[in-house]
Every structure is written in C-alpha cells, then in structure tokens.
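[1] 3D, please:
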Amino acid sequence: MSRSKGDLAEKKACEYLNSQGFKIVEQNFYAKKLGEIDIICTKKDIYHFVEVKSSDDYETAVNNVTPTKLSKLKRSVDYYLQTKKLDVGFCIDVVIVVDNEIEFLENVTF
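    Numbering: from 1, shown residues only. Now for the predicted structure:
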C-alpha cells in the first residue's frame with residue numbers, strides 16, 4: 001500500500017475515533033528498532049494503542065494483523081509507557097479501513 005493511502009486510512013481512523021469520544025494523544029510514534037504505533041488515544045482514563053490496517057477488502061486487511069505485528073506493537077507500547085513514565089491502564093486496538101467502511105476491534109489479544 002502506498003504511503004498516501006496509509007495516511008488517508010489513518011486520517012479516517014482518527015476521525016472515527018474522535019467521533020466515538022476518543023482523544024488523540026499522538027500519531028506515528030516511532031519506537032527505536034521496534035516499530036511504529038499508528039495512533040495513541042485515550043478514553044475514560046484508558047490509553048488505546050491503535051494499529052490501522054487498510055486494504056481493498058476486509059479479509060486482506062484483517063489478515064495483516066499478524067501475531068508478529070502484534071508482538072512488535074506490544075513491545076512498542078511498553079517502550080512508549082516507559083519513556084513517558086506512564087503507569088496507566090491500556091489496551092491494543094485495531095481499526096480496519098476498507099473504502100469508507102471502518103471496523104473497530106477493541107482490546108485485541110494474541
């Protein structure tokens with residue numbers, strides 16, 4: 001997927017999250033050698049670390065959320081919490097963007 005398509009998917013995801021009462025804290029946080037957290041937001045004192053996946057169809061997008069990807073994301077979350085000195089409740093979520101359809105998968109585990 002091109003960078004511009006990824007940026008558009010992240011923009012749509014942020015708009016969706018805002019409409020659902022989330023407050024965007026940060027976007028595209030880069031954890032050295034670990035990876036990137038697409039969106040960091042909060043709602044009701046819980047931090048949500050959001051991976052955004054987009055494709056031409058839902059199945060392809062959701063299949064790109066692999067155990068390896070989630071493991072890297074978890075390590076990036078740990079790094080973020082440590083560097084920001086945060087001791088907060090959190091979860092890892094996924095937003096799937098296919099055209100103008102958005103699916104929010106909250107508290108994804110692996």
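[2] Apart from its chain neighbours, what residue comes closest to Phe22?
    Cys41 (4.2 Å; Cβ to Cβ, 6 or more residues apart in numbering). Glycine gets a C-beta too; all of them are placed from N, C-alpha and C.
[3] typed the wrong thing, it's Val50
    Excluding the flanking residues, the one nearest Val50 by Cβ to Cβ, 6+ apart is Ile39, at 4.0 Å.
[4] ditto for Val25
    Ile40 (4.7 Å).
[5] check which helix or strand covers that neighbour.
    Here Ile40 is covered by strand 35-43, with elements defined by DSSP states H and E.
[6] Would you confirm that Asp56 belongs to a strand?
    No - counting by DSSP: H, G, I helix; E, B strand; the rest coil, Asp56 is located in no strand; its state is coil.
[7] For the most centrally placed residue in the chain, pull up the helix or strand it's in.
    For the chain, the residue nearest the mean C-alpha position is Val50 (1.7 Å; Cα atoms, centre = their mean). Using DSSP H and E, Val50 sits in strand 46-54.
[8] helices or strands next to that strand in the packing?
    helix 3-19, strand 35-43, helix 58-63, helix 67-83, strand 89-98 (3 or more Cβ pairs under 8 Å, 6 or more residues apart in numbering; DSSP states H and E).
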